[in-house]
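Engineer: Give me a 3D structure for the following:
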Amino acid sequence: MEGQIKWVLATILLVWIAVVTMSVASSDLVVGTDRNHISVAAFVNWIWGIIATVSVLRATVFRRPTEKGWGQDSAWMWITIVVGGIWLSATIVALCVPVLETGDSPMQIPYAAIIAPIAAAVLTNYASEFLVEGFAAREGKPSSRP
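Structural biologist: You can find the predicted model right below:
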């Protein structure tokens, strides 16, 4: 079990490296005639990082005994690989997709930096649950659910 906890910690570390990278390096929201810069990613990405962290912990360490997949930890390495890939993809999208420019006094909206962490958090929740329950079903562990 101790070795499996390292996989969970690695997953959480990968998520937060991606969150910090997106927050620091993504484009700013530029508004107004005097071109005010607002780092939207720095304001909201930490929320999605917390949601992803809770999703991973909930699917692995804090799973209830009454849930399918409780007690099995063979999927934790795969959770690290899949979630790391999800957040790496989100980081690449947030940093490489161009900003949207609108209006007469051009307003620049970094929509990828806003949407990518949301999608990554949702996919993290889905992937974590799917992998834990899928590995439990594959290993033939009985479910305690009624």
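Engineer: confidence score at Arg145?
Structural biologist: Predicted confidence (pLDDT) at Arg145: the value is 49.
Engineer: Check Arg138 too.
Structural biologist: We note a pLDDT of 65 for Arg138 in this prediction.
Engineer: For the residue most central in space within the chain, list the residues it contacts.
Structural biologist: For the chain, the residue whose C-alpha lies nearest the mean C-alpha position (C-alpha atoms, centre = their mean) is Ala121; its distance is 3.6 Å. Under the criterion of C-beta atoms under 8 Å, 6 or more residues apart in numbering, the contact partners of Ala121 comprise Trp48, Gly49, Ile51, Ala52, Ser55. From N, CA and C alone the C-beta is placed, and that goes for glycine too.
Engineer: give me that answer again for 6 Å
Structural biologist: For Ala121, the residues meeting the contact criterion (C-beta atoms under 6 Å, 6 or more residues apart in numbering) are Trp48, Ile51, Ala52.
Engineer: count of residues packed around the first one?
Structural biologist: Going back to what we said before, that points to Trp48. Residues near Trp48, counting by other C-beta atoms under 10 Å, number 25.
Engineer: same thing with the last one?
Structural biologist: Summarising burial for Ala52: neighbours were counted as other C-beta under 10 Å, giving 29.
Engineer: Heading C-terminal from the helix or strand hosting it, find the next helix or strand.
Structural biologist: Applying DSSP states H and E as the criterion places Ala52 in helix 40-59. Scanning forward in sequence from helix 40-59 by DSSP H and E, the next helix or strand is helix 76-96.
Engineer: most remote residue from this protein's center?
Structural biologist: For the chain, the largest distance from the centre (C-alpha atoms, centre = their mean) belongs to Asp104, which lies 35.5 Å off.
Engineer: can I assume it sits in a strand?
Structural biologist: No. Using DSSP: H, G, I helix; E, B strand; the rest coil, the assignment for Asp104 is coil, not a strand.
Engineer: Could I get the phi/psi values of it?
Structural biologist: Backbone dihedrals for Asp104, given as degrees, to the nearest 10, come out at phi -70, psi -50.
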